[in-house]
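**Q** Please find the sequence and the predicted model below.
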Amino acid sequence: MLTYKDAGVDKDAGYRTLRAIREAVESTSSPHVLSELGSFGALYELSGYRVPVLVSGTDGVGTKLKVATAVGRYDAIGIDCFAMCANDILCHGAKPLFFLDYLACGQLDPEVAAEIVKGMARACRETGTALVGGETAEMPGLYREGDFDIAGFCVGVVERDEMITGMKISEGDAILGLSSSGLHSNGFSLVRKALPDFWAQFAGKPLYKTLLTPTRLYHHAIHALLDCGVAVHGLAHITGGGIPENLPRIMPQGLTAVLDLKAIRIPEIFRHIQSRAAVADAEMYATFNMGVGMVVVVAPAQLEKAKDILEAQGVPCFVLGRVETGDQKLILHAR
């Protein structure tokens, strides 16, 4: 008799995964969550807002997964998946409410899946977000043995009159760069081409430890600015495409972000990639964050206050440039 397991799908592995992650997932719950793990839909009660606007985002980890699978380390991947989504919705001033994940594979390894989800849960707890559910799909024949992909979906909320859209950006505003924790989760196809040996020594430790450094969460730092009354006029999450593709997305017509690239504190891993693969400067900045994980545009009178708050939150920052009038949305100088 042919069974589903004979066809490559082990339902028992899914049940073992659920048992392994239940405690971690339930640790992220709150009184707003009205459903239990395993229900058909997650129920979340929205209350306490005047005119709430829901802000949603979805993202994955990309081929950073190839590094994780090559060295068998998965603890940071779940953090990456959550951070990529949460940092996106943060750009509108939103606080994340709940998060769902999707894991697709050829054959489910319950231990690997549990390690990934526990990382998500840890990041969710840090930001007060409920991990309300997800989907694990075994698809033998579509994914090769050992291959898998993960993605996340985050929903947050912001008061309508407190939304950040970039429309308040004006001439003279100061542009701050918030340091990244490293590569975050972008550009890994180029990374793997330039640095194929993940076990090689770099900065006194195996290279993979630097490559798998989790994406920095900017939740507490940005909301500290907002809670202290700093006039944040714009926020840009620097992901795929780097500064050249992401910062112009928030710039109004007729205004230009003029940046001094020499102000960036570039982590050594980026210089290492460039030296090993002879990647042009323009290609580096168009692929990686280069040390800038988030850009914040603030009123000039509040620049020093913003810097002090960010540093107190443990997020290094630096003045990256200013807003000027002009037809180009972005001008990069390497003074």
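**A** Here it is on my side, so go on.
**Q** Enumerate the beta-bridge partners assigned to Pro96.
**A** Gly156 (DSSP bridges).
**Q** could you measure it against Gly62, distance?
**A** According to Cβ to Cβ, to the nearest Å, Pro96 stands 21 Å off from Gly62. All C-beta spots, glycine's among them, are computed from the backbone N, C-alpha and C.
**Q** Compare those two and say which is more crowded by neighbours.
**A** Using other Cβ atoms under 10 Å as the criterion, Pro96 and Gly62 rank with Pro96 on top: 26 against 17.
**Q** And the pLDDT for that one?
**A** Pro96 carries a pLDDT score of 98 in this model.
**Q** same question, Arg335
**A** For Arg335, pLDDT reads 57.
**Q** who touches Asp101 in this structure?
**A** 78, 81, 117, 120, 131, 134-135, 150-153 (Cβ atoms under 8 Å, 6 or more residues apart in numbering).
**Q** which among those residues end up buried?
**A** Neighbour counting with 16 or more other Cβ atoms under 10 Å marks 78, 81, 117, 120, 131, 134, 150-153 as buried within the contacts of Asp101.
**Q** Flag whichever of those scores worst on pLDDT.
**A** Gly134 (91).
**Q** what's the neighbour count on Ile250?
**A** The burial count for Ile250: 22, using other Cβ under 10 Å.
**Q** Could you check how far it is from Asp308?
**A** 24 Å.
**Q** ok, the residue most central in space within the chain to Lys168 distance?
**A** By Cα atoms, centre = their mean, the chain has its centre lying nearest to Met84, at 2.0 Å. Going from Met84 to Lys168 by Cβ to Cβ gives 26 Å.
**Q** For stretch 170-177, what is the distance to the chain centroid?
**A** 23 Å (Cα atoms, centre = their mean, to the nearest Å).
**Q** nope, stretch 323-331 is what I meant
**A** 27 Å.
**Q** buried ones in that stretch?
**A** Applying 16+ other Cβ under 10 Å to stretch 323-331 flags 323, 329-330 as buried.
**Q** Tell me which of the residues you listed fall in strands.
**A** Counting by DSSP state E, the members of these that fall within strands are 323, 330.
**Q** Just the closest of the buried residues of stretch 323-331 to Gln107, please.
**A** Among the buried residues of stretch 323-331, Leu330 lies closest to Gln107 (Cβ to Cβ), at 45.4 Å.
**Q** what residues are up against that closest one?
**A** Here Leu330 is in contact with 243-244, 247-248, 251, 256-257, 259 (Cβ under 8 Å, 6+ apart).
**Q** now the helices for this protein?
**A** In the chain, helices defined by DSSP state H lie at 11-26, 64-71, 77-90, 110-127, 188-194, 207-211, 219-227, 242-246, 268-277, 281-287, 303-312, listed in chain order.
**Q** ok, and the most crowded of the contacts of Leu330?
**A** Most surrounded of these: other Cβ under 10 Å gives Ala257, at 27 neighbours.
**Q** That one and Val323 touch, don't they?
**A** Yes: between Ala257 and Val323 a contact is recorded at 6.0 Å, counting by Cβ atoms under 8 Å.
**Q** got any residues that touch both of these two?
**A** If you check Ala257 and Val323 against Cβ under 8 Å, 6+ apart, the residues they both contact are 175, 251, 297.
**Q** Can you add distance to Thr17 and give those residues back as CSV?
**A** Output for the shared contacts of Ala257 and Val323, formatted as CSV (distance: Cβ to Cβ, whole Å):
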residue, distance to Thr17
Ile175, 44
Met251, 44
Val297, 43
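**Q** quick one: which of those residues is nearest to Ala286?
**A** Nearest member of the shared contacts of Ala257 and Val323 to Ala286, counting by Cβ to Cβ, is Met251, at 17.1 Å.
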